[in-house]
Every structure is written in structure tokens, then in C-alpha cells.
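S.K.: test case, fold it:
(one chain, ligands or ions: 1)
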Amino acid sequence: MKILIINSGSSSVKYQLINTSTNNVLCKGLIEKIGEDESFVHHTKEKEIYENKEEIPDHSNAFKRMVTLLMDQKYGPIHSLNDIDAVGHRVVHGGEKYSESILINEDVINEIRKDSKLAPLHNPPNLKGILSSIEMMPDKPQVAVFDTSFHQTIPPHVYTYGLPYDFYKNYGIRKYGFHGTSHKYVAIKAAEFLNKPLENTNLITCHLGNGASITAIKEGRSYDTSMGFTPVEGLLMGTRSGDIDPAILIYLENDLNYSMPQINNIINKNSGLLGISGYSNDMRKIVKKSEEGDFRAKLAFDIFCYRVKKYIGAYMFAIGTVDAIVFTAGIGENCIPVRESSLKGLEEFGIIVDKNKNRNLEKGIITDISAFNSKIRILVIPTNEELMIAKETETIVKNLK
Ligand code: AMP
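M.R.: Model (predicted):
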């Protein structure tokens with residue numbers, strides 16, 4: 001099947017057309033700065049690259065532009081929209097209702113709209129993408145794949161915060177978790193690699209990118225994850241603080257006169273690697289500066305790795321036995337010192353990195369970087385959220401027939 005994957009953000013639309021029989025990406029693109037003076041269109045089909053500044057006033061026009069590129073004689077892999085079998089949409093929040101991907105209908109649209117209060121920055125632009133896609137391709141099956149759905153198996157004693165219970169009952173305040181599509185994808189790949197049925201596999205999956213989260217997977221299902229009600233909780237991230245004492249925020253407001261919008265900005269955009277180093281949210285730059293002896297860059301690096309280690313330790317106890325620890329996403333797949341440092345000194349717990357394998361792994365393929373005597377396997381697995389969305393969409397569409 002040819003499935004169009006859409007990731008619609010507040011000012012951008014990312015897309016890929018995937019052939020699910022071969023897992024090949026037929027073309028992909030990014031339309032950025034939608035609604036600004038000069039939008040930017042970037043589209044590639046194999047070696048053909050189209051880049052241009054254009055006027056794209058809104059999401060609806062972004063979709064029209066995408067469709068013309070998909071069918072372009074030079075840049076497009078298809079001749080007509082009839083060549084597309086279905087559209088899969090990344091949707092950040094599915095609330096408690098969606099533990100699986102779902103065919104989009106009026107009820108689903110209303111539910112995604114309702115969940116916008118839980119993800120005000122993400123669900124509204126995701127919905128804009130869905131509505132523009134339906135407008136352009138009203139006859140195609142459209143499927144929503146949620147970042148939260150993989151984590152709907154987390155049990156109540158793990159997802160409930162220590163707040164008055166009514167806050168959960170009345171306002172839906174609980175741990176939801178994010179990056180579910182990536183954690184699920186690498187879990188499936190890890191089980192295949194280990195040659196075990198997924199339902200008999202225990203994993204700790206570390207999605208370490210600009211946003212970062214770790215998931216404890218017990219018998220193939222998410223049991224705990226480091227992100228919470230929002231994606232701010234947990235690990236140190238590029239610009240997000242991760243775990244902090246919530247009373248700090250009250251102190252900032254009451255005693256230091258910061259406004260709530262300022263505090264929101266601080267914990268989401270000015271903290272993490274960027275806030276601590278005062279330099280960059282890019283781990284490559286942090287590593288380089290840290291190796292040059294910069295104190296704050298080293299501190300940012302150390303905090304990042306310490307938290308990864310701490311969550312791995314906590315999750316080992318939470319799920320009892322672990323078949324493999326998986327590293328994925330920009331930092332997890334590419335950053336040798338983060339993997340080395342996060343797992344340093346864990347030999348007694350059966351976690352032993354083969355330094356050679358860690359340093360010399362081939363990009364883009366699944367690699368076991370554990371030493372021969374490591375009880376727990378350590379895997380580097382390239383994530384592919386778009387392919388996961390395509391596969392989920394395909395499964396739903398096949399079941400329609
Ligand atoms: P993602 O959000 O998955 O795209 O990951 C983005 C993060 O991956 C950024 O912090 C990048 O600095 C980091 N990254 C990408 N390549 C490397 C690399 N070779 N070494 C260290 N970090 C990397």
C-alpha cells in the first residue's frame with residue numbers, strides 16, 4: 001500500500017509517502033513557517049531535491065502545495081491521488097480513550113478536539129492537518145496514530161500522581177506519556193532481534209532526542225514512562241527541565257514575581273541542556289564544549305547521563321527482569337559518550353558495554369553493543385515513527401476490506 005504520513009505542527013507540515021510493501025520512502029517533505037511572510041518548502045524524491053521560499057498562508061494551502069508536489073512530473077512519485085491508499089496522522093494526545101490507532105470519523109475528531117486541553121500546543125495543529133487532509137482527500141481512509149496510546153497499559157498505581165484523587169477524576173490529571181510510537185516501534189524491532197515473542201520480552205527503551213523519554217516495557221507493554229501529564233516530566237532534555245520540585249514554580253511566582261507564561265517558557269524552552277550550558281540544546285555541541293573543558297557544558301552532559309542511568313535503575317526494579325536496554329533517536333543512536341557514560345559502572349547489575357562496538361557501530365542498522373558477558377543486551381535501534389504510523393494505518397485499512 002502507499003500511505004501518506006502527516007505530522008502537522010503549529011507552523012509546519014511534515015509528510016512522507018511510504019510504500020508499505022517495501023518499507024521504502026517514495027518521497028518526503030517539510031513545509032515550514034506556514035503563515036509567515038516567507039514559508040519554506042523542502043521536498044525530496046530520491047536524489048531530486050526541491051527547495052523554495054513560497055507564500056503558504058495556512059495549513060489548507062500547505063496541503064494543496066504538498067499534493068501538487070506529490071504529483072509533480074519531476075518531484076512526485078504518483079500521477080494522481082488515486083495512487084494513495086490511505087493517510088496516517090501523527091496525533092500527540094489521545095487521552096484515556098485511545099489505546100490503539102483509529103480510523104478517523106466525526107467522533108474521533110471531536111475527541112481529539114476535546115483532548116486539546118491536555119495538549120494545547122499539539123492537538124490543535126494536528127487537527128488542522130486532519131481537517132485539511134480530509135478536505136483534499138475526502139474519500140481516503142484517514143487514521144490517527146497517537147503518541148500516548150502505547151502507554152495506556154500503564155497501571156493506575158503508576159499513572160496516578162500523589163494529588164487529591166478528584167484531580168484525576170475531574171480533570172484527567174495523570175501520567176499519559178509520549179513518544180509512544182517510537183517506543184513501540186523499537187520494542188517490536190528489539191523483540192525480533194532477540195528472537196523472542198514481544199509479549200515475553202522486557203525492555204527499557206531510551207528515546208533520547210531533543211525531547212527524551214525512557215519507557216519500562218513489561219511483557220511487551222508499556223508499564224511506566226518518564227514523561228507524564230505533559231512532555232516536561234522526566235529526563236533532562238534539549239530545552240525542557242525534566243523532573244523538578246513543583247514547589248520551585250510556586251516560589252518563582254510568589255517570591256520572584258515570574259508570571260505563569262514566563263515560567264511555562266522557562267521550563268519548556270530555556271531549561272535542559274540549553275539552560276544549564278547557557279550555550280546550546282544540541283548534544284553534539286555540548287559534548288564538544290565539554291571535552292574542551294567548559295564547566296557548564298560538562299555539567300549539562302553529566303546531568304543528562306545521570307538521569308538516564310537513574311531511570312534505567314528505577315525501571316529495572318519496577319519490571320524485575322530486563323532482556324535489553326534500547327537506545328534510539330538523535331542522541332541515543334548517535335552519541336557514543338552518552339551511551340557509554342549512562343551505563344558506566346553497572347557491571348555488577350549485568351550491564352556491560354563493549355566499548356569497541358559502541359564506538360564503531362554502523363549507522364542506520366540495529367546493533368548489539370553489549371559485551372559477550374553482559375547479562376542484559378544493549379541495543380542501538382534506529383527509530384522510524386513514520387514507518388510505524390504507516391504500518392498501523394495499513395493494518396486498520398486492511399481490516400476495513
Ligand atoms: P531528534 O530529536 O531525535 O531529532 O534528536 C536531536 C538530538 O540528537 C540533538 O540534540 C542532536 O544534537 C542529537 N544528535 C544528532 N546527531 C548526533 C551525534 N552524532 N552526536 C550527538 N548528538 C547527536
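S.K.: pLDDT at the residue of the stretch 301-401 of the chain found nearest the ligand, what is it?
M.R.: Closest residue of the stretch 301-401 of the chain to the ligand, C-beta to the nearest ligand atom: residue 330 (2.0 Å). All C-beta spots, glycine's among them, are computed from the backbone N, C-alpha and C. For residue 330, the model assigns a pLDDT of 97.
S.K.: contacts (any at all) between the ligand and stretch 173-186?
M.R.: No. Using C-beta under 6 Å from any ligand atom, stretch 173-186 stays clear of the ligand, coming no nearer than 8.6 Å.
S.K.: mean confidence for that stretch?
M.R.: Per-residue scores along stretch 173-186 average to 97.
S.K.: try stretch 307-322
M.R.: Across stretch 307-322, pLDDT averages out at 98.
S.K.: got the buried residues for it?
M.R.: By 16 or more other C-beta atoms under 10 Å, the buried positions in stretch 307-322 come out as 307-309, 311-312, 315-316, 319, 322.
S.K.: that stretch close to the ligand?
M.R.: No. Using C-beta under 6 Å from any ligand atom, stretch 307-322 never reaches the ligand; the gap is at least 13.4 Å.
S.K.: returning to that earlier point: quick check: buried residues in the helix or strand containing the residue of the stretch 301-401 of the chain closest to the ligand?
M.R.: Taking DSSP states H and E as the definition, one finds residue 330 inside helix 329-334. Within helix 329-334, the residues scored as buried using 16+ other C-beta under 10 Å are 329-334.
S.K.: is the ligand contacted by the lengthiest strand in the chain?
M.R.: Of all the segments of type strand in the chain, defined by DSSP state E, the longest one is strand 24-32. No. Using C-beta under 6 Å from any ligand atom, strand 24-32 never reaches the ligand; the gap is at least 12.9 Å.
S.K.: rounded mean pLDDT for that strand, please.
M.R.: 97.
S.K.: strand partners (parallel or antiparallel) of that strand?
M.R.: strand 13-19 (antiparallel), strand 39-45 (antiparallel) (DSSP bridges).
S.K.: flag every buried residue along it.
M.R.: For strand 24-32, by 16+ other C-beta under 10 Å, it's 25-32.
S.K.: what residues does the protein put near the ligand?
M.R.: Proximity of the chain to the ligand (C-beta under 6 Å from any ligand atom) is limited to residues 209-210, 238, 282-284, 329-331, 334-335.
S.K.: how many other residues sit next to residue 96?
M.R.: 13 (other C-beta atoms under 10 Å).
S.K.: ok, residue 247 next?
M.R.: By other C-beta under 10 Å, neighbour count at residue 247 equals 9.
S.K.: let me know the pLDDT of it.
M.R.: 98.
S.K.: what helix or strand is residue 11 on?
M.R.: Residue 11 is part of no helix or strand, with elements assigned from DSSP H and E.
S.K.: skip the chain neighbours and tell me the closest residue to it.
M.R.: Once flanking residues are discounted, residue 11 sits nearest to residue 34: 5.0 Å by C-beta to C-beta, 6 or more residues apart in numbering.
S.K.: residues contacting that neighbour?
M.R.: Taking C-beta atoms under 8 Å, 6 or more residues apart in numbering, we find residue 34 in contact with 11-13, 56-59, 61-62.
S.K.: before we move on, what about residue 123?
M.R.: By C-beta under 8 Å, 6+ apart, the contact set of residue 123 is 91-93, 112-113, 115-116.
S.K.: again with residue 63
M.R.: Counting by C-beta under 8 Å, 6+ apart, residue 63 has contacts 13, 129, 132-133, 135-136.
S.K.: likewise for residue 44?
M.R.: Residue 44 neighbours (C-beta under 8 Å, 6+ apart): 27-29, 50, 75.
S.K.: swap in residue 159?
M.R.: 174-176.
S.K.: now neighbour count too, for those, in TSV please.
M.R.: What follows is these, written out as TSV (neighbours: other C-beta atoms under 10 Å):
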residue	neighbour count
174	20
175	20
176	30
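S.K.: give me the nearest residue to the residue of the stretch 1-150 of the chain found nearest the ligand, chain neighbours excluded.
M.R.: Residue nearest to the ligand within the stretch 1-150 of the chain (C-beta to the nearest ligand atom): residue 14, separated by 11.9 Å. Distances taken as C-beta to C-beta, 6+ apart place residue 7 nearest to residue 14, at 4.2 Å, with adjacent residues excluded.
S.K.: do the same with residue 10
M.R.: residue 125 (4.5 Å).
S.K.: pretty sure that neighbour sits in a strand.
M.R.: No. Membership of residue 125 in a strand is not supported by DSSP: H, G, I helix; E, B strand; the rest coil, which gives helix.
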